[in-house]
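**Student:** when you get a sec, could you give me coordinates for this:
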Amino acid sequence: MAKIDYALIASQPEFEELLKKRNRFILPISIFFIIATLLFPILTGYTTLLSNEAFGNISWAWIYAFFLFIMVWTLVTIYMKKAKEFDREADEIIRKYREGNYK
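**Tutor:** Alright, predicted model coming up:
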C-alpha cells in the first residue's frame with residue numbers, strides 16, 4: 001500500500017469542510033456536557049435548590065443525577081451516529097486521493 005500524503009489531503013477544501021462540520025458538531029455538545037455536569041456539584045454544594053423534595057423521599061438532586069446518566073448515554077449515541085458519517089466522508093476523501101484526484 002502506498003504512503004498517504006496527509007499534508008496534501010489536509011490542504012484540500014473537502015477536508016477543511018469536514019473539519020469545520022465536525023467542530024461545529026462537537027463544540028456545542030461539549031459545552032453543554034461540561035456545563036450540565038459541573039452544574040450538579042455547584043447546585044448541590046452551594047445552594048439548597050436540589051435538596052428540595054421532588055416527590056416521596058426523592059430530592060431534585062437524585063432526579064438531576066439520573067438525568068445526567070441519560071444525558072451521557074444520549075450524547076454518546078448521537079456522537080457515535082455522527083462519527084460514522086464523518087468517517088464515511090473521510091473515507092471518501094482518502095478514496096479520491098488514491099484515485100489521484102488531488103495534486
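**Student:** quick one: the strands in the chain?
**Tutor:** Using DSSP state E, the strands found in the chain span residues 53-55, 58-59.
**Student:** mean neighbour count for those strands - can I get that in JSON lines?
**Tutor:** No exception for glycine: its C-beta is placed from N, CA and C like everyone else's. Output for the strands of the chain, formatted as JSON lines (neighbours: other Cβ atoms under 10 Å):
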{"stretch": "strand 53-55", "mean neighbour count": "10"}
{"stretch": "strand 58-59", "mean neighbour count": "14"}
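**Student:** off-centre distance for the longest helix that the chain contains?
**Tutor:** Taking DSSP state H as the criterion, the chain has its longest helix at helix 60-98. Relative to the centre of its chain, helix 60-98 is centred 5 Å away, using Cα atoms, centre = their mean, to the nearest Å.
**Student:** stretch 35-46 too?
**Tutor:** 20 Å.
**Student:** can you list the buried residues in it?
**Tutor:** Neighbour-count burial for stretch 35-46, counted by 16 or more other Cβ atoms under 10 Å, picks out Leu43, Thr44.
**Student:** quick one: neighbours of Ile34, just the number.
**Tutor:** When neighbours are counted by other Cβ atoms under 10 Å, Ile34 registers 10.
**Student:** so where's the chain shaky on pLDDT?
**Tutor:** Counting by pLDDT under 70, the chain has low-confidence residues at 1-2, 103.
**Student:** centroid-wise, who is the farthest residue in it?
**Tutor:** Centroid-distance maximum for the chain: Gly56 at 35.4 Å, with Cα atoms, centre = their mean.
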